[in-house]
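# the sequence and its predicted three-dimensional model are supplied below.
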Amino acid sequence: MRTLALTPVLASLLLSLLPASGCAPASRVEPRSAGSPAARPAEPPAAQPAAGLDPELTSYAYPYPVRYFEVESQRQKLRMAYMDVQPEKPNGRAVLLLHGKNFAGAYWEPTIRALTERGFRVIAPDQIGFGKSTKPAAYQFSFHGLAEMTRALLDSLGVQRTAVVGHSMGGMLAARFALMFAERTERLILVNPIGLEDWKTVVPYRSVDAWYKQELEATRDSIREYQRKSYYDGAWKPEYERVIEIQAGWTEHPEYPRVAWCSALTYDMVFTQPVVYELPRLRTPTLLVIGLRDRTALGRAWAPKEAADALGDYTTLGKKTAQAIPGAKLVELPGVGHMPQIEAFEKYRDALVGFLEQAP
């Protein structure tokens, strides 16, 4: 039998008739528009996405459209995610919402809805290191720096004056913002803020490395258990599950160490940068919404027992803080813990909106 020798031209012709193999790199494969004829066999199934939520929450939907403010800070290009929600009937005023340490902007959804219904424009950012914002590998976190970056965001949006609402760690940031930018802070609302006492005076210092190790050990169950005990007095309801989705989802993703490291860095910021000594310097009209059952205190677990028992007493801390801030108004919520906007939304909403709508 004679062997047919293929000329280069014939070989090229035969190869052109063979179907595409699907072995090209994915980045080179262009998607086929719907309804167009199949030019080649279907590509092999895409790799399954990693479990859990990635550090920037690319697969997690927020309740309103998310935009990004790009900023250069500490020799890094960072992205600050935010929601800017416009009301149907604007009243010409804006409200800035600052999230807590264990949260992101998404949990403000009911508050955003309540405020926009009354004509307020609402801006809810994720601070750097939180939510959908950049998780830098190395960053010196400070409340001053976060406040300055938030001010720059407002500048980019053309917002010159705003009411500022801060919950938990966000209360520390809100107070710092009002101290730094008093002329731009119309009103200040602190919802169970932390930092109303200086933990480092009675609690042994814990290194960033120790915080990081603790964060790496977090699981969905441990996060739920912490919030159940600390925030809800041992109770748990189905609606609370939504509040832990982001934190819990992060722990189940291969890149969780990036998130854990940022969390460790911000724990150090919260522990070492109290604002309690400067509260008397506030000159902005201020409302405190305090769930009296709250006992949140950073470091209680390793504080001496006599100190631990006295920490986080919001029944006392709320009153002391209201006395420290000139002209502050205090709304106390008995039987409510660290999350008034979850446990007692209507009472929280009425206090918030009532204060915002008061005549100047």
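Sure, I can see it.

# tell me the pLDDT of Tyr314.
Looking at Tyr314, its pLDDT stands at 97.

# oh, I was asking about Val208
pLDDT, Val208: 98.

# neighbours of it, how many?
Using other CB atoms under 10 Å, the number of residues around Val208 comes to 15. No exception for glycine: its C-beta is placed from N, CA and C like everyone else's.

# can you pull the contacts of it?
Contacts for Val208 (CB atoms under 8 Å, 6 or more residues apart in numbering) come out as Ala264, Leu265, Tyr267, Asp268.

# out of these, who's nearest Glu148?
When the contacts of Val208 are ranked by distance to Glu148 (CB to CB), Leu265 comes first, at 17.2 Å.

# follow-up on the earlier one: among the contacts of Val208, who's most crowded?
Neighbour max across the contacts of Val208 (other CB under 10 Å) = Tyr267, 22 neighbours.

# contact partners for the closest residue to Gln140 other than its chain neighbours?
Distances taken as CB to CB, 6 or more residues apart in numbering put Gln74 closest to Gln140, at 6.5 Å, once the chain neighbours are dropped. Taking CB under 8 Å, 6+ apart as the criterion, Gln74 is in contact with Pro136, Tyr139, Gln140.

# C-alpha coordinates for stretch 263-272, CSV please?
Provided in CSV are the C-alpha atoms of stretch 263-272 (Å, rounded to 0.1, in the frame of the first residue of the first chain):
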residue,chain,number,x,y,z
SER,A,263,-10.2,42.3,60.3
ALA,A,264,-7.2,41.9,62.6
LEU,A,265,-5.8,45.2,61.6
THR,A,266,-9.1,47.0,62.2
TYR,A,267,-9.5,45.3,65.6
ASP,A,268,-6.2,46.9,66.6
MET,A,269,-7.6,50.3,65.4
VAL,A,270,-10.8,49.9,67.4
PHE,A,271,-8.8,48.8,70.5
THR,A,272,-6.2,51.5,70.4
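
# now tell me what touches it from outside.
Residues from elsewhere that reach stretch 263-272 (CB under 8 Å, 6+ apart): 101, 129-130, 139, 141-143, 169, 172, 194-195, 199-200, 203, 205-206, 208-209, 211-212, 214-215, 298-299.

# what about the residues you listed, which are in helices?
If you go by DSSP state H, the contacts of stretch 263-272 have Phe143, Met169, Met172, Val208, Asp209, Trp211, Tyr212, Gln214, Glu215 in helices.

# can you flag the buried ones in those residues?
Phe143, Met169, Met172, Trp211, Tyr212, Gln214, Glu215 (16 or more other CB atoms under 10 Å).

# can you count the residues close to the closest residue to the third one other than its chain neighbours?
What sits nearest to Met172 in space, not counting adjacent residues and going by CB to CB, 6+ apart, is Gly195, at 4.1 Å. The criterion is other CB under 10 Å. On that basis, Gly195 has 25 neighbouring residues.
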